[in-house]
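Asks: model the following, please.
(one chain, ligands or ions: 1)
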Amino acid sequence: MLEQRSSNEFTSYLVNGKKKNTWKYAIFSGLTVGATFAYAENTVISDNKTIVNEVANTLSSGEEVRSTQDETNIYQITSGPVLSVNITTEDVVLKQEIPKEIEYVANSAMYEDETKVVQEGQDGLKEMVVQIEAADGVEISRELLQEYVVVEVKNQIIEYGTKAPIVNTQIAPQTTQTQSTTFAHPLNGVGYISSSYGSRWGSFHNGIDIAAGAGTPIYAAAAGTVTYSGYMGTYGYLVIIDHGNGYETYYAHASALYAKVGQYVTQGQSIAAVGSTGNSTGNHLHFEIRENGQCINPYSYIY
Ligand SMILES: [Zn+2]
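Replies: A predicted model of the protein is given here:
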C-alpha cells in the first residue's frame, strides 16, 4: 500500500515512532519541507545501504523500486536520491553510582566546636535496563524499562556538638568596639548549626553553616548596601552586604537571589533563599561576618 506523506511528517514519524523491532526505512533526501512523496511503510528496500545508494543514483522520478527482501513491497520514486536509515532498538544494562550523602546529627554531650564521624558511609550502586533507539547507530531516544538497587547506599553520619563551650577560644569579645552593630539571625531562628566557625578537617571554616530546608528565606542580618548578588565559585549563589562601619556579611549557597547590587536593605529584609549551590553537600546557609575584611566568629552575634 502506497501512502502520500510530506517529508517532514515522515522524518517526524521516524524519530518519534515507537518500534520494538529492527526496520530499514527508505526516505528521500534533498526534498524541501512540505514536499510529498510516496513510500510503503515498514518496507525493507535492502539490507545494504551501498546498494540503496547505487540504486538511488540510477533512479528517476516515476520509477518503481522493488524490495530485495519482500518482492510484494514497491517504492515509487517521485523525486530525489534515496537514502536509507537503519532504526534499531537495543536493551542495555547501565550501572549508576548512588552517591552517599552526609547526615548531621546533634549530640548534646559534645561541645559546639566538635564534630565526629560515627559512620563512614558507602556509595550505592543501581542497575538500569534502558532501551536505546538509534538511527544509523546514532541514539535518538532512550526509555528506562527497569531499575533496581544492587548495593544500598549508606550515608555518612557526622555528629556535631550542641553544648556551649566553657571558654570561647575563637575570638575575644569586642570590648573596644566604638560603633556597635547588632546582627539578627539570618534565618530568623530557623535551622540548626551544622558546622561551626574555626578549624575543620584540616582547613579553616570562615563562617557558620545553618542547615535549613531549600527555599527558607534568608534575611539581612543588619541594614546595609548590597555589594554582591550573584554566583561566586565555591560560594555558589552569594549575597554580600556592606554595613558601612567596617562590617560585611556573606550569605552563601543560596537557591535564589532577591537582593540586587546597589540596593539598600533593612535589617530582616528578605534577600535570598536557602539552597545548596557551589561547594555544598546539602541545603544550608553559610553565613560570614567580616570586620575590616577579616572573618570573625558570627556565633556570639546571632545566638
Ligand atoms: Zn560554611
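Asks: and the residue of the stretch 201-303 of the chain found nearest the ion, what does it touch?
Replies: Here the residue of the stretch 201-303 of the chain nearest the ion is His286; by CB to the ion that distance is 3.4 Å. Any C-beta I mention is one placed from the backbone N, CA and C, and that applies to glycine too. Counting by CB atoms under 8 Å, 6 or more residues apart in numbering, His286 touches Gly207, Ile208, Asp209, Tyr235, Tyr250, Tyr251, Ala252, His253, Ser280.
Asks: how about a cut-off of 6 Å?
Replies: Gly207, Asp209, Ala252, His253 (CB atoms under 6 Å, 6 or more residues apart in numbering).
Asks: helix or strand: which one has Gly161?
Replies: strand 156-163 (DSSP states H and E).
Asks: quick check: next helix or strand after that strand?
Replies: Past strand 156-163, the next helix or strand by DSSP H and E is strand 192-195.
Asks: can you list the helices and strands that that following strand packs against?
Replies: strand 208-211 (3 or more CB pairs under 6 Å, 6 or more residues apart in numbering; DSSP states H and E).
Asks: ok, now how distant is Lys126 from the ion?
Replies: 31 Å (CB to the ion, to the nearest Å).
Asks: report the beta-bridge partners for that residue.
Replies: Gln96, Val149 (DSSP bridges).
Asks: ok, now the one 5 residues further on?
Replies: Beta-bridge pairing for Gln131 (DSSP bridges): Asp91, Glu143.
Asks: quick one: contacts for it?
Replies: Taking CB under 6 Å, 6+ apart, we find Gln131 in contact with Thr89, Asp91, Glu143, Leu145.
Asks: give me that answer again for 10 Å
Replies: Residues near Gln131 by CB atoms under 10 Å, 6 or more residues apart in numbering: Lys18, Lys20, Thr89, Glu90, Asp91, Val92, Ser141, Arg142, Glu143, Leu144, Leu145, Gln146.
Asks: can you tell me the closest non-neighbouring residue to the third one?
Replies: Sequence neighbours aside, Glu133 is the residue nearest to Thr89 in space, at 5.0 Å (criterion: CB to CB, 6 or more residues apart in numbering).
Asks: quick check, that neighbour in a strand?
Replies: Yes: counting by DSSP: H, G, I helix; E, B strand; the rest coil, Glu133 falls inside a strand.
Asks: can you list the residues of the stretch 101-250 of the chain near the ion?
Replies: By the rule CB under 5 Å from the ion, the part of the stretch 101-250 of the chain lying against the ion is Asp209.
Asks: so the protein: which segments form each domain?
Replies: For the chain, automatic domain parsing gives the domain ranges 3-89, 91-158, 178-302.
Asks: my guess is the residue nearest to Thr89 contacts Ser141, does it?
Replies: Yes: Glu133 lies in contact with Ser141 (CB atoms under 10 Å); the separation is 4.6 Å.
Asks: neighbour-wise, which of these two wins?
Replies: Glu133 (18 against 14; other CB atoms under 10 Å).
Asks: from Lys154, how far off is that one?
Replies: 36 Å (CB to CB, to the nearest Å).
Asks: kindly report the same for Ala164.
Replies: Going from Ala164 to Lys154 by CB to CB gives 32 Å.
Asks: neighbour count winner among these two?
Replies: The residue with more neighbours, out of Ala164 and Lys154, is Lys154; 13 against 10, by other CB under 10 Å.
Asks: for that one, give the beta-bridge partners.
Replies: Those that pair with Lys154 in a beta bridge, by DSSP bridges, are Gln122.
Asks: shaky segments in the chain?
Replies: For the chain, the stretches with pLDDT under 70 are 1-87, 135-136, 165-181, 201.
Asks: those helices in it, which residues are they?
Replies: 7-16, 49-58, 299-302 (DSSP state H).
Asks: buried ones in stretch 296-303?
Replies: Using 16 or more other CB atoms under 10 Å as the test for burial, stretch 296-303 gives Ile296, Asn297, Pro298, Tyr299, Tyr301, Ile302.
Asks: can you check stretch 108-118 too?
Replies: Result for stretch 108-118 [16+ other CB under 10 Å]: buried residues Glu112, Asp113, Thr115.
Asks: likewise for stretch 261-280?
Replies: Gln263, Val265, Ile271, Ala272, Ala273, Val274, Gly275, Thr277, Gly278, Ser280.
Asks: before we move on, what about stretch 219-233?
Replies: Neighbour-count burial for stretch 219-233, counted by 16+ other CB under 10 Å, picks out Tyr219, Ala220, Ala221, Ala222, Gly224, Val226, Tyr228, Ser229, Met232.
Asks: can you give me the end-to-end span of that stretch?
Replies: 22 Å (CA to CA, to the nearest Å).
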